[in-house]
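In: Any chance you could fold what I've pasted below:
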Amino acid sequence: MESDGVPLPLFHEHPLLPWNDLRKGDCCGRYVPQRDGYYCNSCDFFVHKKCGDEISEFIDHPAHPNHTLRLRDKFGSTFCRLCGRRILNLFYGCMSCIFIVDLHCAKYPPPEVTDNFEMHPHKLTLLKERTRIDCSAKCGKGGDGFPYKCNECDVAFHVDCVWHPTLDLKHPKEVNHSYHSLHPLMLFTGPPPDYSDGKCRLCGREVDKELFYHCSSCNFTLDMPCVLNPPPQSLMDLKAHDHQLTLLPRLDSFTCNACGLKGVRSPYACFHCGFMIHQDCLGLPRVININRHDHRVSRTSVLGIVDSVCGVCRKKVDWTCGGFSCQRCPGYVVHSKCATRDDVWNGEELEGLPEEEENIEPYVVIDDNTIQHFSHNEHYLRRIHGNGVLYEDKKRCNACTHPIGLQAFYGCIDCDFSLHQNCAECPKKKRHVLHNDRLTLVTNKELGVFDCFACGRTYNGFMYKDGDMKLDVLCGSISEPFVHPSHPHHPLYYLPIDNKEICNGCNSWEYRVLRCIEGDCGFVLDFECATLPQVVKHRVDDHPLSLCYGEEGASGIYWCDICEKEINPNNWFYTCKDQQASLHTRCVLGDFAGLMPRSIAKSPNRSLEVVLNDSVTRPFCSVCKSRCMYPINLKLFGTSETYICSIECALYFN
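Out: Below you'll find the model as predicted:
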């Protein structure tokens with residue numbers, strides 16, 4: 001991997017670029033004053049050049065002599081087993097057990113014999129065998145590991161309680177710093193003082209509680225990266241601003257002109273025009289794609305659109321500040337911070353790259369009623385108006401797999417291939433709120449059965465796909481603003497959340513939901529309920545069944561005419577026009593409504609045929625031994641009596 005002729009390390013999944021701002025991060029946790037490194041914009045990954053260039057994939061370590069250690073990338077919250085420090089990016093881990101060490105302890109292992117007379121009056125020896133540690137330092141940390149032990153006394157210590165490799169680097173006890181010329185900054189090796197906010201004055205990050213510099217007279221704190229490599233006092237960055245910018249190392253409240261958000265410390269300011277900007281906003285990209293919009297959006301210094309709303313968070317945008325806007329769609333704007341969120345932008349800067357004009361139209365028009373769809377190139381499809389067409393359960397849309405019903409559809413002139421008109425019009429490529437890269441519509445002739453990422457249903461119809469992301473054509477077609485008949489007055493939007501919310505359709509807790517943002521409305525739909533068919537047909541009733549959005553405050557008892565169990569009237573259910581029938585949505589649709597009848601669902605061990613449950617006598621499920629009540633079943637291919645009625649039974653089927 002190379003960039004501009006510079007060799008780059010090969011241990012990270014994304015491209016790494018040469019980087020000389022060490023305040024972006026640290027890889028070995030020891031704050032050595034190295035001037036160069038490698039940085040990944042996609043995931044905020046940093047490694048020193050020295051560490052990256054000299055690193056080996058496998059090592060043998062004296063603290064773990066029985067197994068070879070392998071270089072690995074950080075996952076979750078991970079701590080070095082020798083020094084106890086948090087792993088920042090890279091570490092070495094044992095492939096046979098849970099022993100891990102950070103880069104510094106891998107390169108400079110703790111000495112076999114050490115003395116720390118402040119802790120203990122005798123020399124201590126590092127044990128090579130794992131043992132339970134009752135640490136005599138009274139540190140409060142339990143567990144087991146490789147302790148230091150005294151050969152003269154029956155005492156043991158954690159490695160990091162007696163050996164401090166960070167302090168061995170001999171950082172000066174005080175430094176004179178350009179951003180604090182009044183007093184020298186003193187080295188602190190413990191928690192920040194109680195009166196301090198514990199954050200670096202320049203970058204705002206939490207300081208390492210084991211090593212930082214501080215002035216008690218001025219309550220001025222700097223973390224080690226900003227001591228070793230402080231941000232420039234002034235700069236000319238024409239991407240950020242037309243004039244020279246100067247760093248103000250103060251605790252002052254300000255509004256960033258680049259993103260419109262408040263700041264509380266150390267902005268870059270322009271003394272010529274009063275422009276102020278967060279340090280993080282200096283690196284904002286110029287042209288990007290976001291998953292909420294089909295066109296590129298470009299950064300602008302002043303949005304200039306009064307009463308505009310952000311296309312991501314749906315909150316009001318300060319038109320006097322900078323942000324991102326679409327050159328094709330007047331009025332579409334996005335906050336800078338919203339546009340560059342990890343769940344919105346894929347991290348690619350597109351400035352200077354030509355925008356590829358791709359044909360995303362799914363079909364070619366032959367005449368007013370005839371098309372040639374890309375999924376069925378061999379024959380023409382003719383449009384048939386839905387009005388007056390009898391609901392036909394056996395004739396199904398090849399894209400969404402739902403029956404061809406009362407709406408218009410396209411039918412093949414020469415075979416039984418059919419597409420709902422809405423499904424036929426789905427673009428071949430589109431962006432979606434659940435994925436940062438553009439998705440491609442796939443006919444799924446070769447890929448087989450899949451579980452939709454949005455709703456969790458099992459499908460083998462058309463899918464929107466990119467890499468491992470797979471969405472069925474219904475969930476993949478959802479875009480903002482999304483209007484649902486159950487909530488016609490307000491549109492719904494996808495706003496990522498940290499906690500689950502209760503869906504108004506099924507009263508289940510879900511993470512991925514569409515939400516109403518009007519006032520205190522609080523209406524929420526998960527993707528499964530949002531894509532339920534509005535009208536269905538079932539053998540239990542001669543009339544079409546309509547989706548009922550619950551009966552709030554209902555006093556009577558509702559019973560499902562299929563399973564004969566009680567229906568919660570607050571949940572959505574299906575009912576006929578005369579209100580004489582009520583049915584659970586699952587009983588009407590079943591677990592395999594996303595599978596095309598007469599298709600073959602393949603698994604690693606067997607092939608299962610998708611069959612309609614339309615015979616006079618319902619078959620028995622081979623797992624639960626009950627009669628199959630759902631409209632679609634699975635049957636073991638090549639047999640006549642081996643049936644599966646539900647997802648639960650499929651999981652237990654041998």
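
In: my guess is residue 601 contacts residue 634, does it?
Out: Yes: counting by Cβ atoms under 8 Å, residue 601 touches residue 634, with 6.4 Å between them. The C-beta positions use only the backbone N, C-alpha and C, and glycine is treated the same way.

In: out of the two, which sits in the more crowded spot?
Out: residue 634 (27 against 21; other Cβ atoms under 10 Å).

In: part of a strand, is the more buried one?
Out: Yes: with DSSP: H, G, I helix; E, B strand; the rest coil as the criterion, residue 634 is assigned to a strand.

In: partner residues bridging it?
Out: Using DSSP bridges, the bridge partners assigned to residue 634 are residue 610, residue 644.

In: residue contacts, it?
Out: 592, 595, 601, 608-611, 643-644, 650 (Cβ atoms under 8 Å, 6 or more residues apart in numbering).

In: which residues of this structure fall in helices?
Out: In the chain, the segments counted as helices under DSSP state H are 49-54, 103-107, 159-162, 224-228, 336-339, 421-424, 473-476, 527-530, 585-589, 647-652.

In: Check which residues of the first one are buried.
Out: Of the residues in helix 49-54, 49, 51-52 count as buried by neighbour count, 16 or more other Cβ atoms under 10 Å.

In: same question, the last one
Out: If you call a residue buried by 16+ other Cβ under 10 Å, then helix 647-652 has these buried ones: 649-650.

In: what's in contact with that helix?
Out: By Cβ under 8 Å, 6+ apart, the residues outside helix 647-652 that reach it are 458, 591, 621-624, 634, 644.

In: Now the common contact residues for residue 601 and residue 634.
Out: In contact with both residue 601 and residue 634: 595, 608-610, using Cβ under 8 Å, 6+ apart.

In: circling back: from the contacts of residue 634, which has minimum pLDDT?
Out: Lowest pLDDT of the contacts of residue 634: residue 601, 83.

In: quick one: contacts for that one?
Out: Neighbouring residues of residue 601 by Cβ under 8 Å, 6+ apart: 448-449, 460, 595, 607-610, 634.

In: What remains of these if I keep only buried residues?
Out: Among these, those buried by neighbour count (16+ other Cβ under 10 Å) are 449, 460, 595, 608-610, 634.

In: ok, those vs residue 173, which is closest?
Out: residue 449 (66.0 Å; Cβ to Cβ).

In: what's the first-to-last distance across stretch 506-523?
Out: Stretch 506-523 stretches 12 Å from its first residue to its last (Cα to Cα, to the nearest Å).

In: same question, stretch 147-157
Out: End to end - Cα to Cα - stretch 147-157 spans 6 Å.

In: For the shared contacts of residue 601 and residue 634, which two are the farthest from each other?
Out: 595 and 609 (10.0 Å).

In: ok so, going back, and the contacts of helix 647-652, which are buried?
Out: If we count by 16+ other Cβ under 10 Å, these have these buried: 458, 591, 621-623, 634, 644.

In: And the furthest pair within those residues?
Out: 458 and 622 (18.3 Å).

In: Need the pLDDT of the nearest residue to residue 87 once chain neighbours are set aside.
Out: By the measure of Cβ to Cβ, 6 or more residues apart in numbering, the closest residue to residue 87 outside its immediate chain neighbours is residue 78, 4.1 Å from it. At residue 78, the model reports a pLDDT of 73.

In: pLDDT score assigned to the residue sitting nearest the centre point of the chain?
Out: Compute the mean C-alpha point of the chain, and by Cα atoms, centre = their mean the closest residue is residue 343, 5.5 Å away. With respect to pLDDT, residue 343 has a value of 90.

In: And residue 624, by the same measure?
Out: On pLDDT, residue 624 comes in at 93.

In: just residue 140 next, same as before
Out: Reported pLDDT for residue 140: 65.

In: for residue 359, same thing?
Out: pLDDT, residue 359: 76.

In: okay, now it: neighbour count?
Out: Neighbour number of residue 359 under other Cβ under 10 Å is 10.

In: Next, the contact list for it, please.
Out: residue 428.

In: Distance of it relative to residue 428?
Out: Distance, residue 359 to residue 428, using Cβ to Cβ, to the nearest Å: 8 Å.

In: And for residue 651?
Out: For residue 651, the distance to residue 428 - Cβ to Cβ - is 35 Å.

In: Need the per-residue pLDDT for the closest residue to residue 505 other than its chain neighbours.
Out: Distances taken as Cβ to Cβ, 6+ apart place residue 529 nearest to residue 505, at 3.0 Å, with adjacent residues excluded. Looking at residue 529, its pLDDT reads 96.

In: need the contact list for residue 529.
Out: Per Cβ under 8 Å, 6+ apart, neighbours of residue 529: 503-506, 572.

In: Can you check the distance spanned by stretch 96-111, start to finish?
Out: For stretch 96-111, the end-to-end distance is 24 Å (Cα to Cα).

In: next one: stretch 403-410
Out: End to end - Cα to Cα - stretch 403-410 spans 13 Å.

In: So which bits of it are buried?
Out: Under 16+ other Cβ under 10 Å, the buried positions of stretch 403-410 are 403-406, 409-410.

In: mean confidence for it?
Out: Across stretch 403-410, the average pLDDT comes to 83.

In: The spatially closest residue to residue 215 that is not a sequence neighbour: what's it in contact with?
Out: Among residues not flanking residue 215 along the chain, residue 183 sits closest, at 5.0 Å (Cβ to Cβ, 6+ apart). Taking Cβ under 8 Å, 6+ apart, we find residue 183 in contact with 215, 217-218.

In: Could you identify the buried members of the residues you listed?
Out: Of the contacts of residue 183, these count as buried by 16+ other Cβ under 10 Å: residue 215.

In: Can you tell me which of the contacts of residue 183 is closest to residue 311?
Out: Checking those against residue 311 by Cβ to Cβ gives residue 218 as the nearest, at 43.1 Å.

In: thought that closest one was touching residue 181?
Out: No: Residue 218 lies out of contact with residue 181 (Cβ under 8 Å); the separation is 10.9 Å.

In: quick one: the residue nearest to residue 300 when sequence neighbours are not counted and residue 311, what's the gap?
Out: Of all residues not flanking residue 300 in the chain, residue 325 sits nearest, at 5.5 Å (Cβ to Cβ, 6+ apart). According to Cβ to Cβ, residue 325 stands 9 Å off from residue 311.

In: if you count what's nearby, which of these two comes out ahead?
Out: Legend: neighbour count by other Cβ under 10 Å for residue 325 and residue 311, higher for residue 311 (26 against 22).

In: check contacts around the more buried one.
Out: 290, 292-293, 332-334, 338, 480.

In: swap in residue 613?
Out: Counted by Cβ under 8 Å, 6+ apart, residue 613 has contacts 619, 628-633.

In: Highest neighbour count among those residues?
Out: residue 633 (26 neighbours).

In: related to what we said a few turns ago, from the buried residues of helix 49-54, which is closest to residue 236?
Out: Ranked by distance to residue 236 (Cβ to Cβ), the buried residues of helix 49-54 are led by residue 49 at 26.0 Å.

In: what's the closest non-adjacent residue to the closest one?
Out: residue 36 is the one closest to residue 49 (Cβ to Cβ, 6+ apart), at 4.1 Å.

In: is it true that residue 235 touches residue 244?
Out: Yes: counting by Cβ under 8 Å, residue 235 touches residue 244, with 7.3 Å between them.

In: how deep is residue 570 tucked in, by neighbour count?
Out: Residue 570 has 14 neighbours, counted by other Cβ under 10 Å.

In: cool, residue 284 as well?
Out: Counted with other Cβ under 10 Å, residue 284 comes out at 22.

In: Looks like it contacts residue 298 (just checking).
Out: No: counting by Cβ under 8 Å, residue 284 stays clear of residue 298, with 11.2 Å between them.

In: Do a quick rundown of the strands in the stretch 1-150 of the chain.
Out: In the stretch 1-150 of the chain, the strands defined using DSSP state E, counting those that start in this stretch lie at 2-3, 6-7, 17-19, 37-40, 45-48, 58-61, 64-73, 90-94, 100-102, 113-114, 124-126, 131-132, 144-145, 148-150.
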